[in-house]
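A.B. asks: I'd like to go over a predicted model; first the sequence, then the structure.
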Amino acid sequence: LCHIAQVIKGDNDVLLKGVGDKSAIEEVKHILDTARRAATRREVFHTDFLTPPVLKESMIVLQKLADVKAVAQGGYPQAERCRLSIGHSEVLTNDPNVVAAINISGNFSFQPCSHGDFLGAILGKGIAREKLGDIILQGEKGAHVLIVPELVDFLMSTLDKVANVSVSCTQIPLLALENEPPRTQSFKTVEASLRVDALASAGFKISRSKLVNLI
């Protein structure tokens with residue numbers, strides 16, 4: 001995913017006024033400062049993995065800077081947590097190698113583990129959350145984990161258990177990630193009302209009375 005920011009320079013306070021998610025302002029401000037530094041020095045800087053709200057708000061702000069290019073990478077197209085590579089548009093000419101993938105394998109047939117189990121096991125090794133991207137569960141086989149490249153060897157040498165299940169870790173190419181794309185279905189319907197419950201009832205084929213508590 002490549003986004004090129006090419007508009008005008010602006011004062012930080014003015015740019016940050018457009019941030020819709022106020023909880024993301026401090027992180028967006030830091031990324032904005034990084035972008036200005038990257039453009040001035042003609043260097044490339046990489047963020048840690050960002051949450052979806054911070055990523056979204058950062059891209060909106062970066063689009064208002066001149067001569068700045070930002071590349072978002074999470075390891076696979078549907079990634080929620082991504083890293084940003086930020087640099088002058090003449091310097092950042094390709095997608096940097098800033099995301100690595102690890103396969104955590106074990107016999108989870110008798111003790112299925114959740115996303116939280118894998119995350120907790122990794123954080124328990126002292127790795128900060130922002131150094132980790134998405135965790136893609138693989139059912140009884142284990143999970144695929146996206147991580148910053150510099151921590152691959154450390155995680156592979158230290159992680160030997162998830163919950164009570166013994167595991168082994170190996171690095172895999174990003175193209176080997178097994179992620180099921182979201183399934184979509186298109187349909188046409190005629191409703192007397194554009195109310196959310198009416199449209200959701202048609203889409204999910206659930207009665208409107210049952211949907212009331214879900215909306």
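C.D. replies: Sure thing, it's come through.
A.B. asks: Give the buried residues for stretch 135-143.
C.D. replies: Going by neighbour count (16 or more other Cβ atoms under 10 Å), the buried part of stretch 135-143 is Ile135, Ile136, Leu137, Gln138, Gly142, Ala143. C-beta coordinates here come from the backbone N, C-alpha and C atoms, glycine included.
A.B. asks: Output those residues as a markdown table; include the columns distance to Asp67 and pLDDT.
C.D. replies: Below are the buried residues of stretch 135-143 laid out as a markdown table (distance: Cβ to Cβ, whole Å; pLDDT from 0 to 100):
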| residue | distance to Asp67 | pLDDT |
| --- | --- | --- |
| Ile135 | 36 | 98 |
| Ile136 | 36 | 98 |
| Leu137 | 41 | 97 |
| Gln138 | 42 | 96 |
| Gly142 | 44 | 97 |
| Ala143 | 40 | 98 |
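A.B. asks: would you turn those residues into a markdown table with distance to Glu27 and secondary structure?
C.D. replies: A markdown table is the format used below for the buried residues of stretch 135-143 (distance: Cβ to Cβ, whole Å; DSSP: H, G, I helix; E, B strand; the rest coil):
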| residue | distance to Glu27 | secondary structure |
| --- | --- | --- |
| Ile135 | 21 | strand |
| Ile136 | 24 | strand |
| Leu137 | 27 | strand |
| Gln138 | 31 | coil |
| Gly142 | 31 | strand |
| Ala143 | 26 | strand |
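A.B. asks: If we only consider the residues you listed, which is nearest to Glu150?
C.D. replies: Lowest distance from Glu150 to the buried residues of stretch 135-143 (Cβ to Cβ) belongs to Ile135, with 18.5 Å.
A.B. asks: and the closest one, what is it in contact with?
C.D. replies: Each residue near Ile135 by Cβ atoms under 8 Å, 6 or more residues apart in numbering is listed here: His115, Phe118, Leu119, Ala143, His144, Val145, Leu146.
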